[in-house]
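> okay, here's the prediction I keep looking at, along with the sequence it came from:
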Amino acid sequence: AGLSVVEHSDGGRMQYYRFSTPSIGWNPAVNVLLPDGYNASRRYPVLYLLHGGGLDADFRAFVNLGIRDVTAGRDLIVVMPDGGRAGWYSNPVSSNVGPRNWETFHMSELIPWVDATFRTFPEQAGRAVSGFSMGGFGALKYTAKYSDKFASVSAHSGPANLRSHNYAIVRWANVSSALVELNGGTIYGFPESKWRQDLISADNPMENLESYRNKRIFLVSGNNKDIINFQIVGIISSALNEYFVRETQHEFTAALDSAGIKYERYEEQGGHFVRRERLQQDIDGIIAHLTKAG
């Protein structure tokens, strides 16, 4: 699948890999969490679980959030790949640090490698994608563009409309990627007059509603509405993030309602973080929806 394993550590349930790939200018890593008692004579459904953005965000994010515990005793393979500190699960329009084609790495290389390496169901009915924040957007975006790959999609505090609030999420993606991922490059182009509108439309959940029909859709956000009255920079960022996430999820679910597409959505107290009880609910719902191990 275009990948070469350059490092591997066998941690029992947790298998760690680092790859060389022409799609990424460094060697990204992936954690693969196997079910208890993984048996190569059986096949298992697979969840691709995508981390959020930030200076310390990487493939270990959900390990730190207790993914071992919420999957204990459950017949599910969980694949947790690097996605860049602000890669936005995209092939950027420009990069000043070499290739950062995260979409190609995940969709064209990693999924075939996982299906060739582990006993999976290599089909839509056996595959789910979920994520937090930037990773929640990535899950929605991958389903919008590769609908035949996934039977279930989940966004934990993930934005769902790129064009909402004067393109707030496009601006967020471009600025964050330029600062911490691409050394001045951007996901959707710069300046605004040269934004790749075709890429925005292809990635935008709101413009690809039919991609979600007959799938399990699980959405979570906080209800934090205050974007002014905070003094600590990190808290301001969290509030701003969740305000726009909440608004875009409202717009997305209203559009799903109009299209007659079913979904689950939960709005909780607080801001921009993974809610452990909703993650557990999501995992259990994914297992109930996908092809059962056997």
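Looks like it came in fine.
> look at Q15 and give its secondary structure.
Of the three states, Q15 takes strand according to DSSP: H, G, I helix; E, B strand; the rest coil.
> what's the first helix or strand after the lowest-mean-pLDDT helix or strand in the chain?
One helix or strand of the chain scores below all others by mean pLDDT, DSSP states H and E: helix 233-259, with a mean of 82. Next helix or strand after helix 233-259 toward the C-terminus (DSSP states H and E): strand 264-268.
> each with direction, which strands does that next one pair with?
strand 216-222 (parallel) (DSSP bridges).
> name the residues that touch the strand it pairs with?
128, 130, 151-158, 160, 242, 245-246, 249, 252-253, 256, 261-273, 275, 278, 281-282, 285-286, 289 (C-beta atoms under 8 Å, 6 or more residues apart in numbering). Placement of C-beta: from N, CA and C, glycine included.
> residues of stretch 253-269 that come out buried?
Neighbour-count burial for stretch 253-269 flags 253, 255-256, 261, 263 (criterion: 16 or more other C-beta atoms under 10 Å).
> for the strand or helix carrying V170, packing partners?
Per DSSP H and E: V170 is located in helix 164-180. In terms of contacts (3 or more C-beta pairs under 8 Å, 6 or more residues apart in numbering; DSSP states H and E), helix 164-180 is packed against helix 233-259.
> distance-wise, check T71 relative to F132.
As judged by C-beta to C-beta, to the nearest Å, T71 and F132 stand 16 Å apart.
> for those two, indicate the residue with more neighbours.
Neighbours of T71 and F132, each counted by other C-beta atoms under 10 Å, are more numerous for F132; the result is 29 against 25.
> any idea of the pLDDT on the more buried one?
Here, the pLDDT recorded for F132 equals 97.
> over to the one 5 residues further on?
F137 is assigned a pLDDT of 98 by the prediction.
> show residues contacting the helix or strand where it lies.
According to DSSP H and E, F137 maps onto helix 134-145. Contact with helix 134-145 is made by 48-53, 57, 83, 86-90, 103, 106-107, 129-131, 149-150, 153-160, 169, 202-205, 207-208, 211-212, 215, 245, as judged by C-beta under 8 Å, 6+ apart.
> just the buried ones from those residues, in PyMOL syntax?
To isolate the buried members of those in PyMOL, using 16+ other C-beta under 10 Å:
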select buried, resi 48+49+50+51+52+53+57+83+86+87+88+89+90+103+106+107+129+130+131+149+150+153+154+155+156+157+158+159+160+169+203+204+205+208+211+212+215+245
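> what residues of the helix or strand that contains W113 count as buried?
Element membership of W113, judged by DSSP H and E, is helix 111-117. Within helix 111-117, the residues that count as buried by 16+ other C-beta under 10 Å are 111, 113-115.
> can you pull the contacts of R278?
With C-beta under 8 Å, 6+ apart, R278 has these contacts: 156, 220, 266, 268.
> tally of neighbours for V5?
13.
> quick check, it in contact with R18.
Yes: contact status for V5 versus R18: in contact at 7.3 Å, counting by C-beta atoms under 8 Å.
> before we move on, back to that, any idea how far the helix or strand that comes right after the helix holding F137 is from the chain center?
Using DSSP H and E, the next helix or strand after helix 134-145 towards the C-terminus is strand 152-156. How far strand 152-156 lies from its chain's middle: 8 Å, per C-alpha atoms, centre = their mean, to the nearest Å.
> and stretch 64-84, by the same measure?
13 Å.
> can you give me the helices for the stretch 1-150 of the chain?
When assigned using DSSP state H, counting those that start in this stretch, the helices of the stretch 1-150 of the chain occupy the ranges 61-64, 67-70, 102-104, 111-117, 134-145.
> hang on, the earlier thing: what is the nearest of the buried residues of stretch 253-269 to V79?
The shortest approach to V79 among the buried residues of stretch 253-269 belongs to Y263, at 23.6 Å (C-beta to C-beta).
> how close does F59 sit to S94?
The gap separating F59 from S94 is 25 Å, by C-beta to C-beta.
> those two - which one has more neighbours?
F59 (22 against 16).
> thought N31 was touching the more buried one, still the case?
Yes: the criterion here is C-beta under 8 Å, and F59 meets it with N31 at 5.3 Å.
> next one: phi and psi at the nearest residue to D75 once chain neighbours are set aside?
Spatial nearest neighbour of D75, chain neighbours left out: A293 (3.5 Å); criterion: C-beta to C-beta, 6 or more residues apart in numbering. Here is the backbone geometry of A293 (degrees, to the nearest 10): phi -60, psi 140.
> re earlier: any chance of the buried residues of helix 111-117 in a markdown table, plus distance to A173?
Converted to a markdown table, the buried residues of helix 111-117 look like this (distance: C-beta to C-beta, whole Å):
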| residue | distance to A173 |
| --- | --- |
| I111 | 23 |
| W113 | 27 |
| V114 | 26 |
| D115 | 29 |
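> sweet, I'm off.
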